[in-house]
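# fold the following.
(one chain, ligands or ions: 1)
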Amino acid sequence: MSVFSTPAILLRRTSYGDYDLIITFLTLEKGKLTVIAKNAKKSRKRFSGVLELFSLLHLVCRASRGRGMPVLQEATIEDPFSDIRGNIMKTAYASYWAELITFWLEEEKTQARIYHLLRYCLAALDEGVIDAGVLSVIFQIRFLTIAGLSPDFSQCSKCRVDTDLIAGSRLAFELAKGGILCQRCASKSASRLNISKGMVKQLLWIQNNDLKTVRRLKFNRPDLKDGLVLLEAFVMYHLGREPKSLKFLNSIR
Ligand SMILES: [Zn+2]
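Predicted structure coming up:
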């Protein structure tokens, strides 16, 4: 039977019977991976204190014969990210990112860029050096781009005029088109979402630059709020519903 090992981030954990846990990870080697941890509930020694939400782990799993789930053999902590679980706002943001990944990614299909993105955002959230809302803007825009659903901020999504050539300090955004609109096209649209041109430029920057450079960006509060409202509306439009974790996040922020 084949055994494999991989770095992993714990996304979701549910009970299975009296003894076992079913756990969904985002792994570096195998993308989203759902495994069974036998006796994890019963025996404290087996995985003591290791299988916590959002923690960064190293897993050893045994692939099952046939179509069953892989079985978790060993899990060791690389970084517990425990400050996230100790703070309700941080937990709410991390839960939202985890829900997007669990919903969108296919089982056992490698997604190294999404793994590195989540790892970066969770580490920064745990550390507390970057505002959680800013991290959520960074996570969503880059996640949507990697997932192939990237909103287009570079041009009017109807007449294709370049963003730099659009007049006015605020731009409309149309969910169905997945992009911004110039003033002329916006006048024929029912869209009520809009965003400052400055924030549009910041979002373009985040889409096109290295993660390490985006932490230098500074946002003012109203722009950041616009960005969050727009990206969350865009996510809901594509999901066809409001994620449970987003409803919770909105109830506390
Ligand atoms: Zn236009």
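
# only C-alpha atoms for contact and neighbour calcs from this point on.
OK.

# which element is residue 140 on?
Using DSSP states H and E, residue 140 sits in helix 132-146.

# could I get the buried residue list for that helix?
Under the neighbour-count criterion of 16 or more other CA atoms under 10 Å, helix 132-146 has 132-144 buried.

# please apply the same query to stretch 25-40.
With the criterion 16+ other CA under 10 Å, stretch 25-40 contains buried residues 25-40.

# care to break the chain down by domain?
Taking automatic domain parsing as the reference, the chain has its domains at 1-80, 82-253.

# contacts only, for residue 22.
Residues in contact with residue 22, defined by CA atoms under 8 Å, 6 or more residues apart in numbering, are 13-16, 34-37.

# so for it, what's the pLDDT?
pLDDT recorded at residue 22 is 97.

# so what pairs up with it in the strands?
residue 14, residue 36 (DSSP bridges).

# against residue 225, how distant is it?
36 Å (CA to CA, to the nearest Å).

# any residues touching the helix holding residue 140, and which ones?
90, 93, 97, 113-114, 117-118, 121, 124-125, 150-151, 203, 206-207, 214, 219, 224, 227-228, 231.

# so which of those residues are in helices?
Of the contacts of helix 132-146, the ones assigned to helices by DSSP state H are 90, 93, 97, 113-114, 117-118, 121, 124-125, 203, 206-207, 214, 224, 227-228, 231.

# ok so residue 160 is a helix residue?
No: counting by DSSP: H, G, I helix; E, B strand; the rest coil, residue 160 is not part of a helix but coil.

# before we move on, the earlier item: tell me which of the contacts of residue 22 is nearest to the ion?
Closest to the ion out of these is residue 34 (44.7 Å), distances taken as CA to the ion.

# for the protein, give me the ranges with low pLDDT.
1 (pLDDT under 70).

# would you mind listing what in it touches the ion?
156, 159, 182, 185 (CA under 5 Å from the ion).

# which residues touch the third one?
Taking CA under 8 Å, 6+ apart, we find residue 182 in contact with 156, 161, 163, 166-167, 171-172.

# likewise the second one?
By CA under 8 Å, 6+ apart, residue 159 lies in contact with residue 185.

# now do the phi/psi pair for it.
Backbone geometry at residue 159, expressed as degrees, to the nearest 10, gives phi -100, psi 0.

# ok, the first one next?
Backbone torsions for residue 156, taken as degrees, to the nearest 10, come to phi -70, psi 130.

# tally of neighbours for the residue nearest to it when sequence neighbours are not counted?
Nearest residue to residue 156 in three dimensions, chain neighbours excluded: residue 181, at 4.4 Å (CA to CA, 6 or more residues apart in numbering). Using other CA atoms under 10 Å, residue 181 has 29 other residues around it.
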